[in-house]
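S.K.: Fold the following.
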Amino acid sequence: MRLPLGSLAFAAGALFSHARGARVCGNGTSTSPSYQYQLIDVRYDGPDPSKTLGVSTIAVALGSGGTTLYECLSQWPEVWAGWYQGETNLIWGDCIWTGAGVGADKTVAFAIDWKSKNLQVANSFDCSDRKGTEGSATGMLTLDFDCSTRDGASYCIPKGTAGSRPDLRITTSLRPALDALACASSSSGPSWRVESWQRRYEMAPGSSTPGSPLRSDTGPSFTLQSLASNSTFSCATALQQNGTFEGTCKPLSASNGTASFSFDSRLNILKISESIECSGRLRSFSGVGYFQAACDRGFNSIVFTCTSDPLWIGV
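M.R.: Now for the predicted structure:
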C-alpha cells in the first residue's frame, strides 16, 4: 500500500493509550458547545495500477496551531466512492493520536462522500463539567480538490490560492443525548465504539508479507459499545468464507438490542448490524468502519497478533 501523505507514518508504535483530557459539554440548556480541528493535510489517492485490488485511499491529518494531533486513514474500492458497496453506509476510518500534546478525545473518526467531497468528523470525549458522562460531536466540511495523474494513478489535494496551502478547519458540534437518538426519528441513526480489537493469523512457512496466503486466521473479536441501545456486547467470529468473517455479539448486561458483524479481511472493512426495540417495534441499523490495525509478529514466529485503538462508527 502506498502511504499517501509523506508526513503520515502509520506505525504500530502509534497505537497506544494516550494521556487524555476532557471537553466542556454544557448543561444542555444553552447553545451547544463546538470544537474545532485544523486540517493540516488531506490527500486522495486512486487505485495503484500495479495492484489488483483497486482500492482508493484517503488520508487526513487533523491538528491545532499547525501541529498534527491525529492521523486518519481509510480505504475502499474506487467504485464505492466512500460508501459501503456504493449504497447507504459511509465508511468510517479511525484517526490515530500522534503523541503530540494531550488528546482531548476518546475517539476521533472520519468519513468522506467522495462524490460530493463532503468530509465528516466525529469525536467522543469525557465531559469535564459532567463527571462520569461522555459527549459526542460531529461536523461536516465540503472540500474542493485539484486532481492530477502520475504513473497511471490519480491523486487529489485541496485547492490552494496562488500556490499556497489552504487554511481548512472543521468544526464539530455536540450532539443530543447519545442514548436518545436511535428511537427519536427515522432520520437519526446510532453510533458504536469498537474496543479491544484482536485478530490473530498464522502465515505459511517461508511467507514474507501479511498479504501472502494464510495458514490460519481467527478472525476478529472485540467489545462493542452501542450508544443507541446503551448496551455493551462481546463479539466473536463464528464462521469464515472466502476471507469474510461472520460473527455474533452477546450482550454483557440487560439490552433491548441484538447485534452481529461481518469483516472483509481483504479490505479490512467491518460492518456492524444492530436491531433495537423502540416503543414496541424493532428498528434495524448498520454501520461500517475501516481498520488500520497494527499487527505484531512474535520473535522467530509466523503468528501475527493485530490490535487497534477504539474506532467510532456512525455519525
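
S.K.: CA atoms for contacts and neighbours, from now on please.
M.R.: Noted.

S.K.: beta partners of residue 55?
M.R.: residue 77 (DSSP bridges).

S.K.: With only the CA atoms kept, save stretch 75-93 in CSV.
M.R.: Extracted in CSV, the C-alpha atoms of stretch 75-93 (Å, rounded to 0.1, in the frame of the first residue of the first chain):
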residue,chain,number,x,y,z
GLN,A,75,-9.5,2.7,2.0
TRP,A,76,-12.3,1.3,-0.1
PRO,A,77,-12.8,0.1,-3.7
GLU,A,78,-12.8,3.0,-6.0
VAL,A,79,-16.3,2.5,-7.3
TRP,A,80,-17.7,2.7,-3.8
ALA,A,81,-16.7,6.4,-3.5
GLY,A,82,-16.6,6.2,0.3
TRP,A,83,-19.9,4.3,0.7
TYR,A,84,-20.1,0.6,1.6
GLN,A,85,-20.8,-1.2,-1.6
GLY,A,86,-21.8,2.1,-3.0
GLU,A,87,-25.0,2.1,-1.0
THR,A,88,-26.2,3.9,2.2
ASN,A,89,-23.4,3.5,4.8
LEU,A,90,-20.4,5.8,4.8
ILE,A,91,-17.2,4.0,5.6
TRP,A,92,-15.6,5.4,8.8
GLY,A,93,-11.9,5.4,9.4
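
S.K.: quick one: the helices in the stretch 151-300 of the chain?
M.R.: Assignment of helices within the stretch 151-300 of the chain using DSSP state H, counting those that start in this stretch yields no ranges at all.

S.K.: Please enumerate the strands of it.
M.R.: 153-158, 168-174, 192-203, 214-226, 231-241, 244-251, 257-264, 269-278, 281-290, 294-297 (DSSP state E, counting those that start in this stretch).

S.K.: which of these sits most buried?
M.R.: Stretch with highest mean neighbour count among the strands of the stretch 151-300 of the chain: strand 257-264 (a mean of 21; mean count of other C-alpha atoms under 10 Å).

S.K.: Adjacent strands (with direction) for that one?
M.R.: strand 244-251 (antiparallel), strand 269-278 (antiparallel).

S.K.: now it: mean pLDDT?
M.R.: Mean pLDDT, computed over strand 257-264, is 94.

S.K.: what do you get for stretch 164-181?
M.R.: Mean predicted lDDT for stretch 164-181 stands at 76.

S.K.: List the residues that contact the most centrally placed residue in the chain.
M.R.: Residue closest to the average C-alpha location in the chain (C-alpha atoms, centre = their mean): residue 93, at 2.6 Å. Residues counted as contacts of residue 93 (C-alpha atoms under 8 Å, 6 or more residues apart in numbering) are 72-74, 109-111, 289-292, 311.

S.K.: Can I get those in a markdown table including pLDDT?
M.R.: What follows is those, written out as a markdown table (pLDDT from 0 to 100):
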| residue | pLDDT |
| --- | --- |
| 72 | 95 |
| 73 | 96 |
| 74 | 96 |
| 109 | 95 |
| 110 | 96 |
| 111 | 97 |
| 289 | 96 |
| 290 | 96 |
| 291 | 89 |
| 292 | 82 |
| 311 | 91 |
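
S.K.: any chance of those in TSV, plus distance to residue 249?
M.R.: Shown next, in TSV, are the contacts of residue 93 (distance: C-alpha to C-alpha, whole Å):
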residue	distance to residue 249
72	27
73	26
74	25
109	23
110	25
111	25
289	17
290	19
291	18
292	22
311	17
